[in-house]
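Enquirer: Fold the stuff below for me.
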Amino acid sequence: MSSEQIQWSHKSLEELREFWNTEIELALRCAGHDLEDKPTYQDLLNVGYGGLTYTLREHHEITLSEFLESAGYVEESGEGYPWGIDDETTTEELESFI
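Expert: Prediction:
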C-alpha cells in the first residue's frame with residue numbers, strides 16, 4: 001500500500017499499532033533494517049511511512065519514541081544523546097543529517 005493512499009489521521013492508536021505490526025515492520029525488514037534496533041524517523045521515510053510521525057504527534061499527542069516503546073522498542077537506560085536534547089522532533093531532524 002502506498003503511503004500516499006493511507007489515511008493516517010483516520011486510524012486509532014490500536015489501528016496504527018496493528019498497521020505497524022503487519023505493514024511497516026515488514027517494509028523495514030524488506031529494506032534491510034534489523035528489527036532488533038529501534039527504527040528512526042529516517043528509517044520510516046526510507047520505506048515510505050513518514051506520515052505516521054505527524055499523525056502520532058498531531059492526532060494522538062504522542063511521539064514516535066513513545067509509540068515505538070508501546071510496540072516493544074524499549075531504550076536501555078543510560079543511553080541517550082550526548083547533546084542532551086529531549087525534544088524528539090529536534091533529535092530526529094539531527095539524526096537525519098548525521
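Enquirer: can I get the CA coordinates of stretch 53-64 in PDB?
Expert: Taking C-alpha atoms only, stretch 53-64 is exported to PDB below (Å, rounded to 0.1, in the frame of the first residue of the first chain):
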ATOM      1  CA  THR A  53       5.000  10.500  12.900                       C
ATOM      2  CA  TYR A  54       2.800  13.500  12.100                       C
ATOM      3  CA  THR A  55      -0.300  11.600  12.900                       C
ATOM      4  CA  LEU A  56       1.100  10.400  16.200                       C
ATOM      5  CA  ARG A  57       2.000  13.900  17.200                       C
ATOM      6  CA  GLU A  58      -1.000  15.800  15.900                       C
ATOM      7  CA  HIS A  59      -3.800  13.300  16.400                       C
ATOM      8  CA  HIS A  60      -2.700  11.200  19.300                       C
ATOM      9  CA  GLU A  61      -0.300  13.600  21.200                       C
ATOM     10  CA  ILE A  62       2.500  11.100  21.500                       C
ATOM     11  CA  THR A  63       6.000  11.000  20.000                       C
ATOM     12  CA  LEU A  64       7.400   8.300  17.700                       C
END
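Enquirer: what comes into contact with that stretch?
Expert: 8-9, 11, 13, 16, 41, 44, 52, 66-67, 88-89, 92 (C-beta atoms under 8 Å, 6 or more residues apart in numbering). For the C-beta atoms, the positions are set from N, CA and C on the backbone; glycine is no exception.
Enquirer: where in this protein is pLDDT low?
Expert: For the chain, applying pLDDT under 70 flags the ranges 1-4, 75-86, 98.
Enquirer: just to revisit the earlier point, considering the contacts of stretch 53-64, which is situated nearest to Val74?
Expert: Nearest to Val74 out of these is Glu66 (C-beta to C-beta; 11.2 Å).
Enquirer: Go through stretch 12-31 and flag the buried ones.
Expert: For stretch 12-31, a neighbour-count test (16 or more other C-beta atoms under 10 Å) marks Leu16, Phe19, Trp20, Ile24, Glu25, Ala27, Leu28 as buried.
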